[in-house]
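Asks: Below: sequence and its predicted model.
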Amino acid sequence: ESAFDLQDVDAEYARVDERFEKKLQEFKASGGRFNPDVLGQLRVRPDRESTHTYPLHELASVVHRGGRSVSIMVSDAAYIKPIMSAVQNSAEFNQQPQRDPDNDLELVLRVEPENPEEQAKRLKGECNAWKDAVRDVLATRKSKHATWQKAKHLTKDDVKNLDKMVKAKQDKKLEAIEKKEKQLQVELANRQKRL
């Protein structure tokens, strides 16, 4: 493997970016705290006698009604109580779904707006974790450089140049993340004004 071939660094950055881009997409779609997809992943234990759990989306359909309402369309009346207790006991949702008066198999969740300061704090936390993951890529690569230098595959100048090259890539990444963070903060602030 050529020491000056930085494809492994690019691949690692792509992997890190993909993971955090997905998290930020969820954040953007729902303000980060509530997302119907996350609700669909909630584990439900339909049978008290069994320890087996299922994702909520296998027992019911989660439908965004618009605004701050989400419907859980339960496929079988026997699942209503286990779903209600799973939602109520979850850290993310922590509320009791209300039964729809017109449909016995429909549960309604009302999502409370999140405090804008809390939302901004959580966004900052996500972006800081992303930056840390990017910095970890440089740290890993630098340790490889040191190992290669010890094994006499690289000179001291080669290591210096490689460190500079990887650091430049890292700085570009961090700049892009900060730009994305500012953009998301503006979008969230505008969304809060509309609510």
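Replies: Cool, got the structure.

Asks: In terms of helices and strands, where is Leu152?
Replies: No Leu there; residue 152 is Lys. Assigned by DSSP states H and E, Lys152 belongs to neither a helix nor a strand.

Asks: And Pro82, by the same measure?
Replies: Per DSSP H and E: helix 80-89 holds Pro82.

Asks: Over to Cys127?
Replies: helix 116-150.

Asks: Does that helix pack against any helices or strands, and if so which?
Replies: helix 7-30, helix 156-194 (3 or more CB pairs under 8 Å, 6 or more residues apart in numbering; DSSP states H and E). (C-beta placed from N, C-alpha, C; glycine too.)

Asks: And the ones you listed: which comes nearest Thr140?
Replies: helix 7-30 (7.6 Å; CB to CB).

Asks: Check the offset of whichever helix or strand comes after that closest one from the chain's centre.
Replies: Sequence-wise, the next helix or strand downstream of helix 7-30 (DSSP H and E) is helix 36-41. In terms of CA atoms, centre = their mean, to the nearest Å, the centre of helix 36-41 is found 12 Å from the chain centre.

Asks: Need the residues that contact the helix or strand bottoming out on mean pLDDT in the chain.
Replies: Least confident helix or strand, the chain: helix 36-41 with a mean of 79, by mean pLDDT, DSSP states H and E. Applying CB atoms under 8 Å, 6 or more residues apart in numbering, the external contacts of helix 36-41 come out as 26, 30, 55-57, 62-64, 70, 72, 87, 92-93, 109.

Asks: of these, buried ones?
Replies: Neighbour-count burial within the contacts of helix 36-41 applies to Glu26, Ser30, Leu56, His57, Val62, His64, Val70, Ile72, Val87, Phe93, Leu109; the criterion is 16 or more other CB atoms under 10 Å.

Asks: So which of the contacts of helix 36-41 sit within helices?
Replies: Judged by DSSP state H, the contacts of helix 36-41 include Glu26, Ser30, Leu56, His57, Val87 as members of helices.
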